[in-house]
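Participant: Output the structure for:
(2 chains)
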There are 2 protein chains.
Amino acid sequence: MAAVNFETLSEDEVIGFLDSIDTILTDCDGVLWMYMNPLPNAAEVINTFQSFGKRVFYVTNNSTKTREEFVKKCNILNFKATKEDILCTANLSACYLQDLSFKKKVYIIGSEAIAKELKEVGISYVGVGPDPINKNIPYNTLNKDPEIGAVIVGFDEHFSYPKMVKAASYLSDPSVHFIATNTDERFPVANNVVIPGTGSLVRCIESCAERKAVVMGKPESYIADVLMKRFQVNPERTLMIGDRHNTDILLGTRCGFKTLLVLTGITCLRDIDKWKQSDCEQMKEFIPDYYIESLGNLLPYLEKFKRKYVMSK
Amino acid sequence: MAAVNFETLSEDEVIGFLDSIDTILTDCDGVLWMYMNPLPNAAEVINTFQSFGKRVFYVTNNSTKTREEFVKKCNILNFKATKEDILCTANLSACYLQDLSFKKKVYIIGSEAIAKELKEVGISYVGVGPDPINKNIPYNTLNKDPEIGAVIVGFDEHFSYPKMVKAASYLSDPSVHFIATNTDERFPVANNVVIPGTGSLVRCIESCAERKAVVMGKPESYIADVLMKRFQVNPERTLMIGDRHNTDILLGTRCGFKTLLVLTGITCLRDIDKWKQSDCEQMKEFIPDYYIESLGNLLPYLEKFKRKYVMSK
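Facilitator: Numbering: from 1, shown residues only, chains lettered A, B, ... in the order given. Sure thing, here's the model as predicted:
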């Protein structure tokens, strides 16, 4: 594991690199955009990759949008994408249950997107939206719905104690499936304010349920399994681009993809130096093959070598 | 570590046992009472201990009552107690900050009891009560109060996502103290409904704050340190009674107290057998010296030997 600064590669090395990949998996938040703001030249880089004939998949742990909603966001921000190019955790949660021929009902801690994706595959659900404390209904008189056969935990700004009671109570039956969309602890910090991610909600429910969730998102391999099953993807000729060591890069390392860290999100260069010096094998898995300041910084390299590259094919 | 069934002890052994202890630390929920229902003969047992000249402390992780409120509850349920006999985590949190000569303000995730105990030692606070999502105030525009110098996490039925944002954002400053009242994952399960405990809220905030809290309650030693500092307590002549292996018994094991597990709450006999067979050193620490079906089951033994015991003094 090298963590090579991409911007130190020679012309030949860049051409060799581009030749060695067919498929690009890119994280979204922190790589392509920050919330609704596209990162400079990121769309141009992705479009150039596509013009080279590379297949691009948008691989995101974000559970608050459906595949259709991601396509819409991509198109608004000038990224070319179809529904099949999107791997998002609301959709993966629905696929996971569909693969199990699940016929019961889901209790959702999460957003409308999870509900919509379940609906699309014909699975019923409850739980989306506010569920505040009600002094007139003591917790221990909860009427459990016997139809509930799974609990999904995703990002939920309406997270509340009554939701914890329900999730933990349903999960006390070991036959009830426990699915977490992802385990990201927080979003990139902005203005000195920490925006907690789904991971902290998952840790909360895992703690009171005294069970571990099956995780749909990166770095767990389900997302890669789906990719392999649906498309002809060769791990050795696949590049994973991300801003987060313990999701994007770790997934790449585990699946045998090449990995490129961008420094526009969570993980910084100092972190890499720390892991390089560490004796811990697990931390070595966080080290990317390459890093670059921002995805947009690839653009001059790609343009410079575009003609040469295309001619060499 | 033996896990001896107390009810198999001979007369001499019971007398020896009673003679070997001066101080009794008893957990409350699951040992003395369940919510507002006293457990049969528990009060009589505690009163008998006191009549033998044993000093009894009520040592509870419950953060939803002040010491005064616990005294009131004890008295209603026929347990003799004064304020000094109560070690509860709302009070300990206030003591901890007082010991640090803390002069700033506390952000509380928790109940009114924590606020009252802070007020009693002259520490200001914010945060108690509902704090639901407000669509008009985006998270990342949070106005951080520069006076906040500590975050306390206790039991909070109004737990919400905006509270997570605030706690994690204050805790991004490493000089801000991070205190958890306790880490109990759940209350004893009743009617097949799981009632999540403070521990699941603490795991949630630890996850998004990417920091570990200083824990006031059992099994962490702060509660024992306070006891040693305030009173003349000899660990070797102290008995810890509890229903929970990973709080009550673990505290006792760590502090060199004798330990008695009652089976009226969280931990069951099957668990002990599991730990006995385990190779894991940490699990060995969960094994009590003695166990008994319920605290009330001690009563016939205590009464039978009362005269003999008192005469032998």
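
Participant: do you know how far residue A:41 is from residue A:303?
Facilitator: 10 Å (Cβ to Cβ, to the nearest Å). Where C-beta positions appear, they are placed from N, C-alpha and C, glycine not excepted.

Participant: between those two, who's got more neighbours?
Facilitator: residue A:41 (17 against 12; other Cβ atoms under 10 Å in any protein chain shown).

Participant: Check the gap between that one and residue A:17 for me.
Facilitator: Residue A:41 sits 18 Å away from residue A:17 when distances are taken as Cβ to Cβ.

Participant: for residue A:270, same thing?
Facilitator: For residue A:270 relative to residue A:17 (Cβ to Cβ), the value is 25 Å.

Participant: more neighbours, the two?
Facilitator: More neighbours surround residue A:17 than the other of residue A:270 and residue A:17, with 19 against 7 (other Cβ under 10 Å).

Participant: any chance you could map the strands in the stretch 101-250 of chain A?
Facilitator: Secondary structure of the stretch 101-250 of chain A (DSSP state E, counting those that start in this stretch): strands at A:105-109, A:124-126, A:148-153, A:177-180, A:214-215, A:238-242.

Participant: okay, the last one in CSV with CA atoms only?
Facilitator: Put plainly, it is strand A:238-242. Extracted as CSV, the C-alpha positions of strand A:238-242 are listed here (Å, rounded to 0.1, in the frame of the first residue of the first chain):
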residue,chain,number,x,y,z
THR,A,238,-12.1,-1.3,-11.0
LEU,A,239,-11.3,2.0,-9.3
MET,A,240,-13.0,3.1,-6.1
ILE,A,241,-12.9,6.9,-5.5
GLY,A,242,-13.9,8.3,-2.1
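
Participant: could you give the mean pLDDT of that strand?
Facilitator: Across strand A:238-242, pLDDT averages out at 98.

Participant: for the helix or strand following that strand, what is the average pLDDT?
Facilitator: Downstream of strand A:238-242, the first helix or strand assigned by DSSP states H and E is helix A:250-255. When pLDDT is averaged over helix A:250-255, the result is 96.

Participant: tell me the angle the next helix or strand after helix A:250-255 makes with strand A:238-242.
Facilitator: Counting by DSSP H and E, the next helix or strand C-terminal to helix A:250-255 is strand A:258-262. Orientation note: strand A:258-262 sits at an angle of 20 degrees relative to strand A:238-242 (axes from the mean of the first three to the mean of the last three Cα atoms, to 10 degrees).

Participant: Now do strand A:258-262: everything it contacts.
Facilitator: For strand A:258-262, contacts defined as Cβ atoms under 8 Å, 6 or more residues apart in numbering or on different chains pick out A:3, A:6, A:20-21, A:30-31, A:238-243, A:245, A:248-249, A:252-253, A:267, A:272, A:288-295.

Participant: That one - which strands sit beside it in the sheet, and in what orientation?
Facilitator: Paired neighbours of strand A:258-262 in the sheet (DSSP bridges): strand A:238-242 (parallel), strand A:290-292 (parallel).

Participant: Measure how the helix or strand that that strand is followed by sits relative to strand A:258-262, angle-wise.
Facilitator: Sequence-wise, the next helix or strand downstream of strand A:258-262 (DSSP H and E) is helix A:269-277. Per the same axes, to 10 degrees, the angle that helix A:269-277 makes with strand A:258-262 is 140 degrees.

Participant: List the contacts of the closest residue to residue A:302 other than its chain neighbours.
Facilitator: Distance criterion Cβ to Cβ, 6 or more residues apart in numbering or on different chains; nearest residue to residue A:302, sequence neighbours excluded, is residue A:48 at 4.6 Å. Applying Cβ under 8 Å, 6+ apart to residue A:48 gives the contacts A:299, A:302-303, A:306.

Participant: Got the confidence number for the residue of chain A most remote from its centre?
Facilitator: Here chain A reaches farthest from its C-alpha mean at residue A:136, the gap being 39.5 Å by Cα atoms, centre = their mean. In this model, residue A:136 is scored at 77, pLDDT.

Participant: list the contacts for it?
Facilitator: Taking Cβ under 8 Å, 6+ apart as the definition, residue A:136 has no contacts.

Participant: Please tell me how far the nearest residue to residue A:247 once chain neighbours are set aside sits from residue A:96.
Facilitator: Distances taken as Cβ to Cβ, 6+ apart place residue A:218 nearest to residue A:247, at 4.0 Å, with adjacent residues excluded. Using Cβ to Cβ, residue A:218 is found at 15 Å from residue A:96.

Participant: Which residues does the strand or helix carrying residue A:59 contact?
Facilitator: Using DSSP H and E, residue A:59 sits within strand A:55-60. Strand A:55-60 is touched from outside by A:22-29, A:32, A:46, A:49-50, A:70, A:74, A:79, A:81, A:85-89, A:218, A:223, A:227, A:231, A:240, with contacts defined as Cβ under 8 Å, 6+ apart.

Participant: Among these, which lie within helices?
Facilitator: Taking DSSP state H, the ones among the contacts of strand A:55-60 that sit in helices are A:46, A:49-50, A:70, A:74, A:89, A:223, A:227.

Participant: List, one by one, the residues from the stretch 51-200 of chain A near chain B.
Facilitator: A:130, A:132-133, A:139-142, A:144, A:156-161, A:164-165, A:168-169, A:171-172, A:185-186, A:189-197, A:199-200 (Cβ under 8 Å from any Cβ of the partner chain).

Participant: any low-confidence regions in the stretch 101-250 of chain A?
Facilitator: Judged by pLDDT under 70, the stretch 101-250 of chain A has no weakly predicted residues.

Participant: Helices along that one, start to end?
Facilitator: A:112-120, A:161-171, A:198-209, A:222-230, A:250-255 (DSSP state H, counting those that start in this stretch).

Participant: Among these, pick out the one with the most neighbours on average.
Facilitator: helix A:198-209 (a mean of 26; mean count of other Cβ atoms under 10 Å in any protein chain shown).

Participant: Now for the closest residue to residue A:245 other than its chain neighbours, how many residues are close by?
Facilitator: Leaving aside its chain neighbours, residue A:245 sits nearest to residue A:286 (3.8 Å; criterion: Cβ to Cβ, 6+ apart). Counted with other Cβ under 10 Å, residues neighbouring residue A:286 total 26.

Participant: what pLDDT does residue A:286 get?
Facilitator: 96.

Participant: Now render the strands paired with strand A:258-262 as CSV, adding mean neighbour count.
Facilitator: Converted to CSV, the strands paired with strand A:258-262 look like this (neighbours: other Cβ atoms under 10 Å in any protein chain shown):
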stretch, mean neighbour count
strand A:238-242, 27
strand A:290-292, 21
